[in-house]
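Q: Just to be clear, the model below is a prediction. Sequence and coordinates:
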Amino acid sequence: GSHADRDRSREKRRRGSRTTSIMIRVASHTDTRFPKNKIRVLLLENVHDVAVKAFESQGFQVECKVALSEAELIERLEGSNGHEAIHAIGVRSKTALDAKLLSKAKRLLCAGCFCIGTDNHDLPVAAELGIPIFNAPFSNTRSVAELVIGEIIAVSRQLLDRSTECHRGAWFKVSKGCYEVRGKTLGIIGYGHVGSQVSVLAEGLGMRVVYYDVVPKLALGNAVQLGSMEEVLRQSLYVTMHVPQLPTTRNLITATEIALMPKGSYLLNASRGDVVNVDDFATAIKEMHLAGGSADVFPKEPKKNGEAVFDSPLCGLPNMILTSHIGGSTEEAQEAIGVEVSNAIIKFINTGITYGAVNFPEVDIVQKPGSHRLLNVHKNVPGVLSKVNTALCDAGVNIVQQQLATSDQVGYLVVDMNSESSEEALRAIRSLEASTRTRVLW
């Protein structure tokens, strides 16, 4: 999206469009109906305009902010200080929806991460509150993979060092320590969406690819899966990290692992900031065990753009490429993410479909024509479905179709029913002890 500081609030009412009303059970046990033109969506961190237009096309009210303080965000979540409570929020990587923020959400139906990573959000708490969180696991894959390939070539030729020298008026034509990548071995740790794309692109350059993943993964092209990360480190002149942020991946690469890599090799990290111990990384560059490397992610990253806001032990080191978490920051990726996540949010608000939610049971069922749809989130304890169906039966509901999905914590039930009984059904479901949140679409 635009890098300009956008600060706008848009309200658009579409006359003549079909209105979908929702009924929400909130903490105060009050029911509030909202036609679509009163659904409020808050988008932060320069989410792409394609998402804004998608929400506006539904008649939703959209507010765009580059950033909000915690206090300002709480005002939007709880509907205080002159603000109406929001129903959906879209963020990128800098905003963390933690337990404190989620607990303030009065009407929040769902959240969208306009990025790949969701590990900075409290996913279990969101699930318990009946708030599915959607992301875009594929949309910026190519952008990250291309960045990594570019960095592999750049560190092989010491491009940034030569460029910096020329910018300051120096001239050093150097070939020592500069190499072609053709025929060299690339080791990939984590063979998921990005890692496998890097694999394909690297083979196109004539590189030999080996990889390690904690689960067996189908090798693309001529790549070879090795039995351990240590084997990959020993065999590879280039090692690139593509693992999620988990307790088991924190400090996955330290001085011990770097010592296994050949002298004069290169380490690249575009996964998560705490996967590689940056102090050990810096030491390996200074001691010339590593000939160079790159980092696009860091243990601590600035909350906003600006001068003199970033520092790292890796700063100022030779043949070391540092970038400001830009792996997925291309126009193509941000537009694709905007389309994917906004569509998921719209589908959930309008139909209750949770396909693609990262923290929530997935339900993907087409609503029967002429029916009202009841959406119920409840604690995943024994006997709930039986009680729900009994309550619906006692309310005189004719069930057209239903689908239940569960996770360890949460059950999510979608029921299409005859429209005449939807009010009675809602009251019946609300009375159940295990029920967390219920809404009806009609």
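A: Everything's here; your move.

Q: my read is Ala126 is in a strand, agree?
A: No - counting by DSSP: H, G, I helix; E, B strand; the rest coil, Ala126 is not found in a strand; it is helix.

Q: what residues are up against it?
A: 97, 102, 111, 132-133, 359-360 (C-beta atoms under 8 Å, 6 or more residues apart in numbering). C-beta here means a position set from N, CA and C on the backbone, and glycine is covered the same way.

Q: how near is it to Cys113?
A: Distance of Ala126 to Cys113, computed by C-beta to C-beta, to the nearest Å: 11 Å.

Q: returning to that earlier point: now the buried members of the contacts of Ala126.
A: Applying 16 or more other C-beta atoms under 10 Å to the contacts of Ala126, the neighbour count classes 97, 102, 111, 132-133, 359-360 as buried.

Q: Just the closest of the residues you listed to Glu301, please.
A: Taking C-beta to C-beta as the measure, Glu301 lies nearest Leu97 of the buried ones among the contacts of Ala126, at 17.0 Å.

Q: Find the residue closest to the closest one in space, skipping its chain neighbours.
A: His121 (4.4 Å; C-beta to C-beta, 6 or more residues apart in numbering).

Q: Could you check which helix or strand contains the one you found?
A: Assigned by DSSP states H and E, His121 belongs to neither a helix nor a strand.

Q: Need the pLDDT of Ser422.
A: Looking at Ser422, its pLDDT is 68.

Q: where do the strands sit along the stretch 301-442 of the chain?
A: For the stretch 301-442 of the chain, applying DSSP state E, counting those that start in this stretch gives strands covering 320-322, 372-379, 399-406, 410-417, 435-441.

Q: Relative to Val224, which of these is closest?
A: strand 320-322 (27.0 Å).

Q: Which other helices and strands does that closest one contact?
A: Counting contacts by 3 or more C-beta pairs under 8 Å, 6 or more residues apart in numbering; DSSP states H and E, strand 320-322 packs against helix 141-156, strand 290-295.

Q: partners of it in the sheet?
A: Counting by DSSP bridges, the strands paired with strand 320-322 are strand 290-295 (parallel).

Q: got the angle between the strand it pairs with and helix 141-156?
A: 150 degrees (axes from the mean of the first three to the mean of the last three C-alpha atoms, to 10 degrees).

Q: Could you pull up the mean pLDDT of stretch 278-292?
A: For stretch 278-292, the per-residue pLDDT averages 98.

Q: Next, the buried residues of it.
A: Buried-residue list, stretch 278-292, by 16+ other C-beta under 10 Å: 278, 280-282, 284-285, 289-292.

Q: Can you tell me which of those is nearest Met241?
A: Phe281 (10.9 Å).

Q: Name the SS class of the closest one, please.
A: Applying three-state DSSP: Phe281 is helix.

Q: Next up, the contacts around the residue nearest to Leu97.
A: 96-98, 111, 113, 133.

Q: per-residue confidence for Ala434?
A: 92.

Q: isn't it right up against Asn376?
A: No - using C-beta atoms under 8 Å, Ala434 is not in contact with Asn376, being 9.6 Å away.

Q: More neighbours: the two, which one.
A: Ranked by neighbour count (other C-beta atoms under 10 Å), Ala434 and Asn376 place Asn376 first, with 31 against 16.

Q: that older thread, please identify which two of the buried residues of stretch 278-292 are farthest apart in space.
A: Val278 and Ala291 (17.4 Å).
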